[in-house]
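**Q** I'd like to go over a predicted model; first the sequence, then the structure.
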2 protein chains.
Amino acid sequence: MRVLGVDPGLTRCGVGVVEGVAGRQLTMIGVGVVRTPADAELGQRLVAIERGIERWLDEHDPQYVAVERVFSQHNVTTVMGTAQASAVAMLCAARRGLPVALHTPSEVKAAVTGSGRADKAQVGAMVTRLLRLDAPPRPADAADALALAICHIWRGPAVNRLQQAHDEARRARPLARKVTR
Amino acid sequence: MRVLGVDPGLTRCGVGVVEGVAGRQLTMIGVGVVRTPADAELGQRLVAIERGIERWLDEHDPQYVAVERVFSQHNVTTVMGTAQASAVAMLCAARRGLPVALHTPSEVKAAVTGSGRADKAQVGAMVTRLLRLDAPPRPADAADALALAICHIWRGPAVNRLQQAHDEARRARPLARKVTR
């Protein structure tokens, strides 16, 4: 399975594509960051994120999209932007009929490091090891996006089978409309 | 000027179109609600909101879109969905190059009732009077969307001139891409 992980943010939206199955060596297909200028209008920033996510979906053709679940308990000054960026990522995926999974930060940390309270450096080190990279991906948002994709692959065949069933049901009656350029 | 007001929400997204200028009689062009089923997946709900907003933009061709500014201080269980729905509305507008304005609930209440702490009934009564309707629009989300549009028209020529300048600059270098169906 090929998964696009998205660590949502208005200024930096981490994106990472991982291929593999649980219990086997994983492969990184791509990693990067979609950036938008902090001085642009909010609507224009959301348009830029949409374009960036669409480009990653077009180029890497993932079967699943995993997005970090945003909590409103976090820093209130940034959480609204994070929620808005995540909405755009979910919209882009759902419009193509791709199943979208949400994983909490602690689920992701626990999946890749064994501890839900691991720090960024530990997550970066494990992502580097698991994907056999030369160095931790920079910035941390990019490493977090890869960790999300790994978490999604590893969270077990049961969850994935459920999602596939949902997916097939959805494909049978598509709500999706693809953006053309 | 013709303004689409959007009171964002995942379950009910109020939409209302008002035409007029400050200091003159206003006209309601249309009012309604974009609904999404509470049991649908989040991504699919965002796709349904996108479709609904696109339909209102196509049918009523507004020059401005006014969206309620979401605060994270509100009810934390609903604020994330509200932020996500507002992101979709802003994205749809910005993609067409339409200027998006955000107004706080108290700005809207103050604009239509004279008090930033007016209740829903008071806002509904004033919307009914100002637009010469037979009865307050139902549900309240629809009335709130009309109040947003009225607030945007009334917040003064200075704000609007600034927005028009922004708008012209943006149209000169369009970031927008229109969704085709």
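**A** Great, that's in hand. Residues are numbered from 1 along each chain as shown, chains lettered A, B, ... in the order given.
**Q** CA atoms for contacts and neighbours, from now on please.
**A** Fine.
**Q** Please identify the buried residues of the helix or strand encompassing residue A:83?
**A** Secondary structure assignment for residue A:83, by DSSP states H and E: helix A:76-95. Of all the residues in helix A:76-95, those buried under the rule 16 or more other Cα atoms under 10 Å in any protein chain shown are A:79-95.
**Q** restrict those to contacts with chain B.
**A** Among the buried residues of helix A:76-95, proximity to chain B is found for A:79-80, A:83-88, A:90-91, A:93-95 (Cα under 8 Å from any Cα of the partner chain).
**Q** Would you format the residues you listed as a markdown table with pLDDT included?
**A** Formatted as a markdown table, these follow (pLDDT from 0 to 100):
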| residue | pLDDT |
| --- | --- |
| A:79 | 84 |
| A:80 | 87 |
| A:83 | 93 |
| A:84 | 95 |
| A:85 | 97 |
| A:86 | 97 |
| A:87 | 97 |
| A:88 | 98 |
| A:90 | 98 |
| A:91 | 98 |
| A:93 | 98 |
| A:94 | 98 |
| A:95 | 97 |
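**Q** Of these, which is the nearest to residue A:38?
**A** Closest approach to residue A:38 among those (Cα to Cα): residue A:85, at 13.3 Å.
**Q** so what's that closest one up against?
**A** Taking Cα atoms under 8 Å, 6 or more residues apart in numbering or on different chains, we find residue A:85 in contact with A:8-10, A:13, A:46, A:49, B:87.
**Q** tell me the contacts of residue A:21?
**A** A:1, A:153-154.
**Q** neighbour-wise, which of the residues you listed leads?
**A** Counting neighbours by other Cα atoms under 10 Å in any protein chain shown, the top entry in these is residue A:153, with 25 neighbours.
**Q** Do a quick rundown of the strands in chain A.
**A** Secondary structure of chain A (DSSP state E): strands located at A:2-7, A:12-19, A:27-35, A:64-68, A:100-103.
**Q** And these: which comes nearest residue B:24?
**A** strand A:27-35 (43.2 Å).
**Q** what about chain A, any weak spots by pLDDT?
**A** A:72-77, A:156-168, A:170-181 (pLDDT under 70).
**Q** that older thread, got the angle for the helix holding residue A:83 vs strand A:64-68?
**A** 170 degrees (axes from the mean of the first three to the mean of the last three Cα atoms, to 10 degrees).
**Q** Now stretch A:129-145: buried residues?
**A** A:130-131, A:136-137, A:140-145.
**Q** Need the winner for burial among the strands of chain A.
**A** The highest mean neighbour count among the strands of chain A, using mean count of other Cα atoms under 10 Å in any protein chain shown, belongs to strand A:2-7: a mean of 29.
**Q** That one vs chain B: in contact?
**A** No: on the criterion Cα under 8 Å from any Cα, strand A:2-7 is out of touch with chain B, staying 14.0 Å away.
**Q** Show me what that strand pairs with in its sheet, parallel or antiparallel.
**A** strand A:12-19 (antiparallel), strand A:64-68 (parallel) (DSSP bridges).
**Q** and the angle for that strand with strand A:27-35?
**A** 30 degrees.
**Q** Convert the C-alpha atoms of strand A:2-7 to CSV, please.
**A** Taking C-alpha atoms only, strand A:2-7 is exported to CSV below (Å, rounded to 0.1, in the frame of the first residue of the first chain):
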residue,chain,number,x,y,z
ARG,A,2,1.1,3.5,-0.7
VAL,A,3,0.2,6.2,1.8
LEU,A,4,0.5,10.0,1.7
GLY,A,5,1.1,11.4,5.2
VAL,A,6,0.2,15.1,5.7
ASP,A,7,1.3,17.1,8.8
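**Q** ok so, going back, can you say which of the strands of chain A is nearest to residue B:62?
**A** Per Cα to Cα, nearest to residue B:62 of these: strand A:27-35, 29.5 Å.
**Q** Mind giving me the packing neighbours of the closest one?
**A** strand A:12-19, helix A:42-60, helix A:140-154 (3 or more Cα pairs under 8 Å, 6 or more residues apart in numbering or on different chains; DSSP states H and E).
**Q** what does the shortest one contact?
**A** Strand A:12-19 is contacted from outside by A:1-8, A:26-36, A:49, A:56, A:60, A:62, A:85, A:141-146, A:149-150, using Cα under 8 Å, 6+ apart.
**Q** measure residue A:134 to chain B for me?
**A** 35 Å (Cα to the nearest Cα, to the nearest Å).
**Q** re the thing from before, most widely separated two among the contacts of residue A:85?
**A** Largest pairwise distance in these, by Cα to Cα, is 15.2 Å, between A:13 and B:87.
**Q** got the helices and strands packed on strand A:27-35 as CSV, with distance to residue A:100 columns?
**A** As requested, those are arranged in CSV below (distance: least, Cα to Cα, whole Å):
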stretch, distance to residue A:100
strand A:12-19, 14
helix A:42-60, 13
helix A:140-154, 10
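**Q** quick one: which of those is nearest residue A:99?
**A** Each of the helices and strands packed on strand A:27-35 has some distance to residue A:99 by Cα to Cα; the shortest is helix A:140-154, at 11.5 Å.
**Q** picking up where we left off before, what angle do helix A:42-60 and the helix holding residue A:83 make with each other?
**A** On the basis of the same axes, to 10 degrees, helix A:76-95 is oriented at 40 degrees to helix A:42-60.
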